[in-house]
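> Give me coordinates for this.
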Amino acid sequence: MADRIIFVCILVLAGVYFWATSHIATLEIGDPLGPKAFPRLLGVGLLITAAMLLGEMIRDRKTVKQPAAPAAADTGNPAVVVMAVVITLIFFLAFETLGYLLSVSIYLLVMTNIFNKKGRWLVNSLTAVIYGVGSYYAFTQLLGVNLPAGILPF
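Numbers count the residues shown, from 1 in each chain. Take a look at the predicted model:
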């Protein structure tokens, strides 16, 4: 049942996102793709995610249900959900001050340690730092996006 709710939420979010993207102003001069290209690409990513979830739901319906292994984190626990929301709020508030690289890396480190317990500090740390550095490089160098540097000198 939870998969169906998530599927519907993704479709609603994608619809609202595409509607909001259609209201982005465009200029007749400049970049031929315009400012709508990247947001639309993200919207397509949402639809692909929804399609993958639908495929997984159809596949699971055809297979015989076996007892699921216990999850690494008890995501049904309201305290975990509240903690994730609070950490995300702190991330948003600290984003400008700390900068993209530090805030994303710290946020991912905390979130991966919440949802991927089992004492995997090294894997979680490497994942957070590599993603933070890789996405920072991709946005600033490859795509030319200005991201807040924060307290770091670059």
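> From now on I want contacts and neighbour counts done on CA atoms only, so please keep to that.
OK.
> In space, what's closest to the most centrally placed residue in the chain - neighbours in sequence excluded?
Nearest to the mean C-alpha position of the chain, counting by Cα atoms, centre = their mean, stands L108 at 10.1 Å. Computed as Cα to Cα, 6 or more residues apart in numbering, the closest residue to L108 that is not its neighbour in sequence is A128, at 5.1 Å.
> Check what pLDDT that neighbour gets.
pLDDT for A128: 92.
> same deal with P32?
63.
> related to what we said a few turns ago, how close does the residue nearest to the centre of the chain get to T127?
Here the criterion is Cα to Cα, to the nearest Å. By it, L108 lies 8 Å from T127.
> just T26 next, same as before
In this structure, T26 and T127 are separated by 37 Å, where distance is defined by Cα to Cα.
> Spell out the residue ranges of the helices in the chain.
2-22, 37-62, 78-98, 100-115, 121-137 (DSSP state H).
> and those helices as CSV, adding distance to A149?
Below are those laid out as CSV (distance: least, Cα to Cα, whole Å):
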stretch, distance to A149
helix 2-22, 27
helix 37-62, 22
helix 78-98, 7
helix 100-115, 6
helix 121-137, 10
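> Would you mind finding the most buried of those helices?
Among these, helix 100-115 has the highest mean neighbour count (mean count of other Cα atoms under 10 Å), at a mean of 20.
> what mean pLDDT does it have?
Taken as a whole, helix 100-115 has a mean pLDDT of 91.
> Quick one: list the elements packing against that helix.
Counting contacts by 3 or more Cα pairs under 8 Å, 6 or more residues apart in numbering; DSSP states H and E, helix 100-115 packs against helix 78-98, helix 121-137.
> which stretches of the protein have low pLDDT?
Low-confidence segments of the chain, defined by pLDDT under 70: 1, 28, 30-34, 64-76, 154.
> rewinding a little: ok, which of the helices and strands packed on helix 100-115 comes nearest F115?
Across the helices and strands packed on helix 100-115, F115 has its closest neighbour in helix 78-98 (8.9 Å, Cα to Cα).
> Can I get the closest one in PDB, CA atoms only?
The C-alpha atoms that make up helix 78-98 are tabulated as PDB, following Å, rounded to 0.1, in the frame of the first residue of the first chain:
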ATOM      1  CA  PRO A  78       7.900   8.500  14.000                       C
ATOM      2  CA  ALA A  79      11.100   9.600  15.800                       C
ATOM      3  CA  VAL A  80      13.100   8.700  12.700                       C
ATOM      4  CA  VAL A  81      10.800  10.700  10.400                       C
ATOM      5  CA  VAL A  82      10.900  13.700  12.800                       C
ATOM      6  CA  MET A  83      14.700  13.400  13.000                       C
ATOM      7  CA  ALA A  84      15.000  13.400   9.200                       C
ATOM      8  CA  VAL A  85      12.700  16.400   8.900                       C
ATOM      9  CA  VAL A  86      14.700  18.300  11.500                       C
ATOM     10  CA  ILE A  87      18.000  17.400   9.900                       C
ATOM     11  CA  THR A  88      16.700  18.600   6.500                       C
ATOM     12  CA  LEU A  89      15.500  21.900   8.000                       C
ATOM     13  CA  ILE A  90      19.000  22.400   9.600                       C
ATOM     14  CA  PHE A  91      20.500  21.600   6.200                       C
ATOM     15  CA  PHE A  92      18.400  24.300   4.500                       C
ATOM     16  CA  LEU A  93      19.200  26.900   7.200                       C
ATOM     17  CA  ALA A  94      23.000  26.100   7.100                       C
ATOM     18  CA  PHE A  95      23.300  25.900   3.300                       C
ATOM     19  CA  GLU A  96      24.300  29.500   2.700                       C
ATOM     20  CA  THR A  97      26.600  29.800   5.700                       C
ATOM     21  CA  LEU A  98      28.400  26.500   5.300                       C
END
